[in-house]
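# what follows is a predicted protein model with its sequence.
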Amino acid sequence: MTRSAGKRNSGRLCSLYESLLSEFGPQGWWPTIGSQHPASGSQEMAFLYHPGDYSFPRTEEERFGIIAGALLTQNTNWKNVEKALLSLHGSGNLSPERILSLPLSELETLIRPAGYFRQKARRLKSLSEAYLKADGDKETEELRKYFLSINGVGPETADSILLYAYRRPSFVIDAYTRRMCSSLNLFHGRTYDDYRNFFQSNLPPEPGLFNEFHALMVEWGKRNQKKPI
DNA sequence: AACCAGGACGTGA
DNA sequence: TCACGTCATGGT
């Protein structure tokens, strides 16, 4: 990659980001559980987005909810994941310690709406154990390798955990990102890491930027799946 | 009623 | 490496 090609890609990415942001607005990822009507004291829980807030997860449950959600949403509609996470929360089990102490069959029942529930129940236990043992002071790429070594955690899940739960500058690549790259003739790569390297080498390593950019591309994908551009 | 959704893994060639 | 089957629920 020549220096001029690199600058050209950076420019394209930055203007793409700006136009997506002005068209769709801040997406407020990652959604977390909160009460829907805090002022009225209603206890009805729902998933809340927080547009423009790129700060660290506020509570331990919030952070673990992101991690569990990243695993549960694999090849699954997010609405189904919400049901699973709400049942974990509602039963007081949305923590790594509680997940580990739950009998496997009970965990399966709680997360059933998220699909692949047998596989995901086992993997959620191993991820919980790994999360408890994780060294949050590790350098980003080392922490990434650590999570990638856990069964059930592939590159997209690892990067979602790093970016949204740890606020590390690790760019998340998903099916929408690839579709967008090819349909805009922006980049064509072979592997996951090809795409990740493309974004990371052409953007400043800011977690807030990576956060919003990924979420915006997902929104673009959702809007353009029925009515292609 | 097939098809898709914010993937990952095991297998055989 | 890589193509292919498997894992499962819920909405369209």
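In hand now; what should we look at? Everything numeric here is computed off the predicted structure, so don't read it as measured data.
# OK, contacts around whichever residue of chain A sits closest to DNA strand B?
Minimum separation of chain A from DNA strand B (CB to the nearest atom of the strand) falls at A:G154, amounting to 2.2 Å. For glycine as for every other residue, the C-beta is placed from the backbone atoms N, C-alpha and C. A:G154 makes contacts with A:74, A:148, as judged by CB atoms under 8 Å, 6 or more residues apart in numbering.
# if you set the cut-off to 10 Å instead, what comes out?
Taking CB atoms under 10 Å, 6 or more residues apart in numbering as the definition of contact, the neighbours of A:G154 are A:71, A:74, A:147-148, A:192.
# go on, A:G136?
Applying CB under 10 Å, 6+ apart, we find A:G136 in contact with A:143, A:165-166, A:168.
# among these, which lie within helices?
Of the contacts of A:G136, the ones assigned to helices by DSSP state H are A:L143.
# among the contacts of A:G136, which ones are in strands?
With strands identified by DSSP state E, none of the entries of the contacts of A:G136 belong to them.
# which one of the contacts of A:G136 is nearest to A:A114?
Checking the contacts of A:G136 against A:A114 with CB to CB, the nearest one is A:A165 at 17.8 Å.
# how near is the closest residue to the closest one other than its chain neighbours to A:L20?
With CB to CB, 6 or more residues apart in numbering as the criterion, A:A165 has its nearest non-adjacent residue at 4.3 Å, and that residue is A:I66. To A:L20, A:I66 is 22 Å away according to CB to CB, to the nearest Å.
# which residue does chain A bring closest to DNA strand C?
Across chain A, the shortest distance to DNA strand C (CB to the nearest atom of the strand) belongs to A:G115, at 2.6 Å.
# that residue and A:T76 touch, don't they?
Yes: contact criterion CB atoms under 10 Å: A:G115 and A:T76 qualify, at 4.8 Å.
# any residues in contact with both of the two?
Shared between the contact lists of A:G115 and A:T76 (criterion: CB under 10 Å, 6+ apart) are residues A:A84.
# returning to what we had before: got a pLDDT number for the residue of chain A closest to DNA strand C?
Per-residue pLDDT puts A:G115 at 98.
# for the one 10 residues further on, same thing?
A:K125 carries a pLDDT score of 98 in this model.
# now it: how far from A:S182?
When distance is defined by CB to CB, A:K125 is 37 Å away from A:S182.
# the more surrounded of the two?
Using other CB atoms under 10 Å, the more surrounded residue of A:K125 and A:S182 is A:K125, with 18 against 12.
# who's in contact with that one?
Going by CB under 10 Å, 6+ apart, the list of residues near A:K125 reads A:96, A:99-102, A:104, A:107, A:152.
# and A:N211, what pLDDT?
98.
# isn't it up against A:Y17?
No: using CB under 10 Å as the test, A:N211 is too far from A:Y17 to be in contact (11.5 Å).
# please identify which of these two sits among more neighbours.
Ranked by neighbour count (other CB under 10 Å), A:N211 and A:Y17 place A:N211 first, with 23 against 16.
# what about that one, which helix or strand?
Using DSSP states H and E, the element containing A:N211 is helix A:207-224.
# whether that helix contacts DNA strand B - can you check?
Yes: for helix A:207-224 and DNA strand B, the contact criterion (CB under 7 Å from any atom of the strand) is met by A:218, A:222.
# in helices, which of the contacts of A:G154 appear?
Applying DSSP H to those, the entries found in helices are A:71, A:147-148, A:192.
# how many residues are close by the nearest residue to A:R112 once chain neighbours are set aside?
Excluding its sequence neighbours, the residue lying closest to A:R112 (CB to CB, 6+ apart) is A:A84, at 7.2 Å. Neighbourhood size, A:A84 [other CB under 10 Å]: 23.
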